[in-house]
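Chemist: The following comprises the amino acid sequence and a computationally predicted model.
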Amino acid sequence: MNRKLSATTGDRIETDQSILHFHTETIEVSRLSALTFFEAGEQSFAGQRFFWQNREKTFTLVGLGQAHTITSNAKEQRFDDVEQQWKRLTQNVVNDEHNLQPILFGGFTFDTENKVSGEWTGFPEAFFAVATYQLVMRNDQAYVSIHLITDEENTVDALEALRKERDELIHTAQVKALKTYAKPQIKSSYEPYKEEYLASISKVTSLIRQKEADKVVIARSLALQFEEQVSSPNVLSQVIMEQPESYLFGLEEQGKLFFGASPERLVKVSDMYAYSSCVAGSVKRGETVEEDELLGQGLLNDEKNRSEHQYVVDMILQTFKENCASYEIPHAPKLLKIRDIQHLFTPVEGPMKKEATILQLVKTLHPTPALGGVPRVKAMEVIREYEPMNRGLYAAPIGWLDAQGNGEFAVAIRSALLANDQAFLYAGGGIVADSEPASEYDETLVKLRPMLRALGGHLHE
Ligand SMILES: C=C(O[C@H]1C=CC=C(C(=O)O)[C@@H]1O)C(=O)O
């Protein structure tokens, strides 16, 4: 049984163009499978869905349909632009009795100056959506909200139709089992920029030796061609099964699905308290407990990896010093062990200053030296010059926020773009003075493995 608890609130929003009414209505539902709810939208909402689950698995969010989208092509101002549009839209929205609010989900692209055309062509520099049907699963409770944002005065019929459709979606998600998906069948694969990638590592290390930069993250992609079109619920179900210890995300837009399983938090804000994590420095997992331990200890004591990590710590710490009243950070990194790889990991947290907001933190933190480099501007120039691809949303902030300013963004690594019967997988690594092309290439193979496995492939080693 679903318990219907809350009433409709209709808030009036004055925008430049028109007056929008923001109707939101939430009911508590019996626990259901978030992925089946996502799949229930296959007929009516394919192309307009999103999926998010935090690392701890205490918060899951699914969106079906788009009640409203916020996009921006304002380059460096895109963070402020999204923030202002969202504030305007939610200025009168209040918490309901479940302490729930409409949620905005989406992402920012990595670099607005990148002009390389390809699979990301036409994608906005920021894309966010408020779902028509929003499922939130928090701890052991589940809620479904309807959002209707319209300039129509009379919404009685529209809301009634939405309620009917909502109940059908919930019913499907509660009584139907998720389809059993066969792994996608790969017809062919190719590495579009392998030679360029290897050459760029040599070039970038020599630039670093000449003191042009201290660290630059260089990435590459792997393209897959499938036998037939692959569906979003299919790949999400594979990722969920295989990467239980990461942030899981999927965002449909422009007929494509950007998805991934990232171990890296960019920032989380909860009641004006901020949390971030420095994740940089990597080694593979061992075949045995002993080998794994040895590799982990080796990573903790490796000067090259420690220096790669320290650049990230210094930069994130600087952001916390500027935006928080105080902060806490351990003296040395720990190991973050995920299925295919282990990383150096340092968490940072602190109470935010009054004027700080989640999107301002995202703006300041992106890109950390785990994805861009040091110094930031020079590193971005080097990436633009030597990386012959467009990262799109890869290595960029993806996540959610509510009207109160709570939310969480992950760094969209270990990710891929699914476009009908093709997929593009991305991976990179931090380059410092003594980096070697062959071992950096091997590291990208390890980082590609999670998405490759989810898409039905494996690596020939
Ligand atoms: C750029 C990626 O990873 C970053 C995050 C963690 C560790 C990294 C490293 O050790 O190089 C990278 O900075 C990627 O996975 O594509």
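Modeler: Right, received. Where do you want to start?

Chemist: which intervals of the protein have sub-threshold pLDDT?
Modeler: Scanning the chain for pLDDT under 70 picks out 1-18, 95, 97, 459-461.

Chemist: On the three-state scheme, residue 318 is what?
Modeler: Classification of residue 318 using DSSP: H, G, I helix; E, B strand; the rest coil returns helix.

Chemist: Just say helix, strand or coil for the residue nearest to residue 383 when sequence neighbours are not counted.
Modeler: For residue 383, ignoring the flanking residues on the chain, the nearest one in space by C-beta to C-beta, 6 or more residues apart in numbering is residue 216 at 6.5 Å. Heads up, the C-betas are built off the backbone N, CA and C, glycines and all. Three-state call for residue 216 (three-state DSSP): strand.

Chemist: Is residue 216 bridged to anything, and to what?
Modeler: Counting by DSSP bridges, residue 216 forms beta bridges with residue 373, residue 431.

Chemist: Check the gap between it and the ligand for me.
Modeler: Distance check for residue 216 against the ligand: by C-beta to the nearest ligand atom, to the nearest Å, it reads 11 Å.

Chemist: these two touch, right, that residue and residue 204?
Modeler: Yes: contact between residue 216 and residue 204 holds when scored by C-beta atoms under 8 Å: they sit 5.2 Å apart.

Chemist: Identify the contacts common to these two.
Modeler: Common contacts of residue 216 and residue 204 (C-beta atoms under 8 Å, 6 or more residues apart in numbering): 382, 431.

Chemist: quick one, what contacts residue 371?
Modeler: For residue 371, counting by C-beta under 8 Å, 6+ apart, the contacting residues are 110, 217, 395, 396, 411, 413, 428.

Chemist: Which one (most neighbours) among these?
Modeler: residue 411 (29 neighbours; other C-beta atoms under 10 Å).

Chemist: Check whether it really touches residue 262, as I assumed.
Modeler: Yes: between residue 411 and residue 262 a contact is recorded at 5.9 Å, counting by C-beta under 8 Å.

Chemist: for the closest residue to the ligand within the stretch 201-350 of the chain, which residues make a bridge with it?
Modeler: Residue nearest to the ligand within the stretch 201-350 of the chain: residue 282 (3.5 Å; C-beta to the nearest ligand atom). Going by DSSP bridges, residue 282 is paired in beta bridges with residue 343.

Chemist: Return the residues in contact with the residue nearest the centre of the chain.
Modeler: Among the residues of the chain, the one closest to the centroid is residue 398, at 3.2 Å (C-alpha atoms, centre = their mean). The neighbours of residue 398, taking C-beta under 8 Å, 6+ apart as the test, are 106, 107, 249, 251, 258, 409, 410, 411, 412.

Chemist: Quick check: bridge partners of it?
Modeler: Residue 398 has these beta-bridge partners by DSSP bridges: residue 107, residue 410.

Chemist: So it versus residue 24, what's the distance?
Modeler: Per C-beta to C-beta, to the nearest Å, residue 398 is found 23 Å from residue 24.

Chemist: What of residue 221?
Modeler: Applying C-beta to C-beta, the value for residue 221 to residue 24 is 39 Å.

Chemist: what domains does the record give for the chain?
Modeler: Here the domain parsing of the chain from automatic domain parsing is 9-175, 186-454.

Chemist: Pick the most buried one from these.
Modeler: Highest mean neighbour count of these: domain 186-454, a mean of 20 (counted as mean count of other C-beta atoms under 10 Å).

Chemist: where exactly do the strands run in the stretch 351-461 of the chain?
Modeler: Secondary structure of the stretch 351-461 of the chain (DSSP state E, counting those that start in this stretch): strands at 373-374, 397-402, 407-411, 415-419, 422-431.

Chemist: can you list these in a markdown table and add distance to residue 29?
Modeler: Formatted as a markdown table, these follow (distance: least, C-beta to C-beta, whole Å):
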| stretch | distance to residue 29 |
| --- | --- |
| strand 373-374 | 46 |
| strand 397-402 | 19 |
| strand 407-411 | 23 |
| strand 415-419 | 29 |
| strand 422-431 | 33 |
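
Chemist: how about the residues of the stretch 101-250 of the chain that lie near the ligand?
Modeler: Residues of the stretch 101-250 of the chain lying close to the ligand (C-beta under 6 Å from any ligand atom) are 217, 219.

Chemist: residue ranges of the helices in the stretch 101-250 of the chain, please?
Modeler: Under the criterion DSSP state H, counting those that start in this stretch, the stretch 101-250 of the chain contains helices at 156-175, 194-209, 232-242.

Chemist: Convert the C-alpha atoms of the shortest one to CSV, please.
Modeler: Taking Å, rounded to 0.1, in the frame of the first residue of the first chain, the C-alpha atoms of helix 232-242 are listed here in CSV:
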residue,chain,number,x,y,z
SER,A,232,19.8,2.4,-20.6
PRO,A,233,18.3,0.0,-17.9
ASN,A,234,20.5,-2.7,-19.3
VAL,A,235,23.8,-0.9,-18.8
LEU,A,236,22.7,0.5,-15.5
SER,A,237,21.7,-2.9,-14.2
GLN,A,238,25.2,-4.2,-15.2
VAL,A,239,26.9,-1.3,-13.5
ILE,A,240,24.9,-1.6,-10.3
MET,A,241,25.7,-5.3,-10.0
GLU,A,242,29.3,-4.9,-10.7
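
Chemist: ok, which residues in the stretch 251-400 of the chain are in contact with the ligand?
Modeler: Contact residues (C-beta under 6 Å from any ligand atom) of the stretch 251-400 of the chain with the ligand: 264, 279, 280, 281, 282, 343, 370, 371, 395.

Chemist: Return the closest of those residues with respect to residue 129.
Modeler: The shortest approach to residue 129 among these belongs to residue 395, at 21.2 Å (C-beta to C-beta).

Chemist: And that closest one, how far from residue 437?
Modeler: Using C-beta to C-beta, residue 395 is found at 20 Å from residue 437.

Chemist: Residue 226 now?
Modeler: From residue 226 to residue 437 the distance is 30 Å (C-beta to C-beta).

Chemist: And residue 347, by the same measure?
Modeler: Applying C-beta to C-beta to residue 347 and residue 437 gives a distance of 32 Å.

Chemist: Check residue 236 too.
Modeler: From residue 236 to residue 437 the distance is 34 Å (C-beta to C-beta).

Chemist: likewise residue 127?
Modeler: According to C-beta to C-beta, residue 127 stands 34 Å off from residue 437.

Chemist: just residue 241 next, same as before
Modeler: 34 Å.

Chemist: Ok, residue 408 next?
Modeler: For residue 408, the distance to residue 437 (C-beta to C-beta) stands at 35 Å.

Chemist: same deal with residue 427?
Modeler: Shown here: residue 427 relative to residue 437, a distance of 15 Å by C-beta to C-beta.

Chemist: ditto for residue 61
Modeler: Applying C-beta to C-beta to residue 61 and residue 437 gives a distance of 40 Å.
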